[in-house]
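[1] I need the structure of the sequence given here:
(chains A and B)
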Amino acid sequence: MEPPINPYEAGQIHLQTFVDRSSYIPVTPATVNALLATKFWVFLVGIVLLVLNCIYTLSIISLGLDMSGGFFVAIIIPTIFTFLQLVLSVRLIQYGVAIGRLKRLGTSEEFEQAIVLQSKFWKLLGVISLVMIVLMVASFLISIFTVRSAF
Amino acid sequence: MENPYQTTNSNPIYTNSEVFQQDRQAERLEATSFAQSALYGSKGWVRLISVLGFIYFAIMALIVFFTLSFLGSGAGGLGVMIVFMTLIMTVITFMLALRLSRFSSSIARAEVSRNPHDLEDAIYEQMRFWRLTGIMTLVVLVLFILSLISP
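    The predicted structure is shown next:
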């Protein structure tokens, strides 16, 4: 026979909701103010990037595609970079929205969300930068080999 | 007879000020371990982009230097204007790279010390970066609109 459950036993009721707060860092009001001051600029840059991306895409569509560089150069690479720029601008706008939520609600979860979104932005920007460097080096090497083979 | 299951508010062991402090503790903003790991994870990417910024600055500075040496004393108004604009862009590139570098260094300090003021420095440096980027975006936008309006 099972022993009867004592609901008043110490440590049983809050066992599942216990969170170790020893590793948490308190966020000072100056930190929150600095983050709130970032909101406007992040929104501005994100929206300008988004608009520029839209103008670039529309101009390519309206002017027609120049296929002289081949399918890969004319379509694939611009499409990938347009998409990545779109994601970057959306990430920035999301970051601005998260800061706005932090301003309204003022909880640690909103602070966490804002920090995670900015981290995702920097990671994506870093990956794009690395890919661009690799593409630049590759195109440089290809051009050198092309010139050498011509002579 | 004392009731051991009575709520804390009427229990003489807990004073009202202690309960208030506990509640305030729960409401205080904290950087959770997830937020911290996201911030620390962005350190490397921010450093990478700042290094790329410094490389870009060095290339632009070389271009300005060689252009100035080629132009010499007989430079016309347009030449001086172009060099001046390139010089401004070079200085801004350096400032942006410097702010990103400081942002990355502040994250590294916060990771080691777990001091709230180092976290504050990191967020503040990030705000300064976005403010400068936003101001530059506004300036470029205004110049672009002026160039469209002017005949």
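
[2] What strand or helix carries A:L102?
    Element membership for A:L102 (DSSP states H and E) is helix A:77-105.

[3] just checking, what packs against that helix?
    With contacts taken as 3 or more C-beta pairs under 8 Å, 6 or more residues apart in numbering or on different chains; DSSP states H and E, helix A:77-105 sits against helix A:29-63, helix A:108-150. No exception for glycine: its C-beta is placed from N, CA and C like everyone else's.

[4] Measure how buried the closest residue to A:L92 other than its chain neighbours is and give me the count.
    The shortest distance from A:L92 to any non-neighbouring residue, by C-beta to C-beta, 6 or more residues apart in numbering or on different chains, is to A:G46 (3.2 Å). Applying other C-beta atoms under 10 Å in any protein chain shown, we find 21 residues neighbouring A:G46.

[5] quick one: A:G46 and B:G134, what's the gap?
    A:G46 sits 10 Å away from B:G134, going by C-beta to C-beta, to the nearest Å.

[6] B:I92 now?
    According to C-beta to C-beta, B:I92 stands 12 Å off from B:G134.

[7] Which residues of chain B lie near chain A?
    Chain B has residues B:5, B:28-36, B:38-39, B:41-42, B:44-46, B:48-49, B:52, B:110, B:114-117, B:119-120, B:123-124, B:126-127, B:130-131, B:133-135, B:137-138, B:141 near chain A, with proximity defined as C-beta under 8 Å from any C-beta of the partner chain.

[8] Return the members of those classed as buried.
    Buried members of the residues of chain B next to chain A, counted by 16 or more other C-beta atoms under 10 Å in any protein chain shown: B:29-33, B:35-36, B:38-39, B:41-42, B:45-46, B:48-49, B:52, B:110, B:116, B:119-120, B:123-124, B:126-127, B:130-131, B:133-134, B:137.

[9] among those, which are in helices?
    For these, membership in helices holds for B:33, B:35-36, B:38-39, B:41-42, B:45-46, B:48-49, B:52, B:110, B:116, B:119-120, B:123-124, B:126-127, B:130-131, B:133-134, B:137, with DSSP state H as the criterion.
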